[in-house]
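Asker: Need a 3D model of the sequence below.
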Amino acid sequence: MYLFIFCSFAFFPTFCFAKSPEEIRSAFLYQMAKFIDFPEQKNKKTTRFCFYDITNGPGAVLYSNRTLKIRLKPIEIIEVKKSESLRELSQRCDITYIDETLEDDILSAWTDTMALSMVTVGESIEFLEGGGIASLVQEGSKIRLYINKQEVTQHNFKVLSRLLAVSKFYPN
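Answerer: I've put the predicted structure just below:
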């Protein structure tokens, strides 16, 4: 009996300890990247995640796990500045995460309507209303993935059906 309990704690720690919203969001971001085909995916050496802060939040969690791989290629964590344009970010990043405190500032500065090769991920429905691609929205104790169907169809990446199957859509 004790051996079973020990093995349960050793092999299934996720059932024993509650995860923070930052850990859950970072796991979503990592898993999302597995189900998105970015332009020139085969020629890329890494999958690039961009964050405005890598000392806190999901950026810090992924930064501490840089040995993770997607399609046998390592992930790269890049810290970006608010002053970078949408065009610059699209060239440097595959997925750019914008936390809720920055959403209004960042989206209002992005007036360029070019087709992007980058997925933008926020934390609210308002982020999707402002043109964001995806949002990890906290609803009670759960975090749900919402995808902006209108925006996805206008960009240079392909969201695979397996990711769409576990997402909610905006607008409904």
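Asker: longest helix anywhere in the chain?
Answerer: helix 21-34 (DSSP state H).
Asker: Count the neighbours of Lys34 for me.
Answerer: By the measure other CB atoms under 10 Å, the count of residues near Lys34 is 13. Any C-beta I mention is one placed from the backbone N, CA and C, and that applies to glycine too.
Asker: re earlier: and whichever helix or strand comes after the longest helix of the chain, what does it pack against?
Answerer: Where DSSP states H and E defines the elements, the next helix or strand beyond helix 21-34 is strand 36-37. Counting contacts by 3 or more CB pairs under 8 Å, 6 or more residues apart in numbering; DSSP states H and E, strand 36-37 is packed against strand 158-159.
Asker: Now the strand it packs on: average pLDDT?
Answerer: Mean pLDDT, strand 158-159: 92.
Asker: Can you give me the buried ones in the helix or strand that it is followed by?
Answerer: Per DSSP H and E, strand 158-159 leads on to helix 161-165 as the next helix or strand towards the C-terminus. Neighbour-count burial for helix 161-165 flags Leu163 (criterion: 16 or more other CB atoms under 10 Å).
Asker: So which bits of stretch 81-92 are buried?
Answerer: Quick answer for stretch 81-92 (16+ other CB under 10 Å): Glu84, Leu86, Leu89, Ser90.
Asker: ok so, going back, ok, and for the longest helix of the chain, which residues are buried?
Answerer: Glu22, Glu23, Ile24, Arg25, Ser26, Ala27, Phe28, Leu29, Tyr30, Met32, Ala33.
Asker: Check the offset of that helix from the chain's centre.
Answerer: Its chain's C-alpha centre and that of helix 21-34 lie 6 Å apart, by CA atoms, centre = their mean, to the nearest Å.
Asker: do stretch 124-141 as well
Answerer: Worked out by CA atoms, centre = their mean, stretch 124-141 lies 12 Å from the chain centre.
Asker: before we move on, what about stretch 88-104?
Answerer: That offset, for stretch 88-104, works out to 9 Å (CA atoms, centre = their mean).
Asker: quick one on the thing from earlier: with pLDDT and distance to Asn65 as new columns, can the buried residues of helix 21-34 be given to me in JSON lines?
Answerer: Listed next are the buried residues of helix 21-34 as JSON lines, based on pLDDT from 0 to 100; distance: CB to CB, whole Å:
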{"residue": "Glu22", "pLDDT": "93", "distance to Asn65": "12"}
{"residue": "Glu23", "pLDDT": "95", "distance to Asn65": "10"}
{"residue": "Ile24", "pLDDT": "95", "distance to Asn65": "14"}
{"residue": "Arg25", "pLDDT": "96", "distance to Asn65": "13"}
{"residue": "Ser26", "pLDDT": "96", "distance to Asn65": "8"}
{"residue": "Ala27", "pLDDT": "96", "distance to Asn65": "10"}
{"residue": "Phe28", "pLDDT": "96", "distance to Asn65": "14"}
{"residue": "Leu29", "pLDDT": "97", "distance to Asn65": "11"}
{"residue": "Tyr30", "pLDDT": "97", "distance to Asn65": "8"}
{"residue": "Met32", "pLDDT": "96", "distance to Asn65": "15"}
{"residue": "Ala33", "pLDDT": "96", "distance to Asn65": "13"}
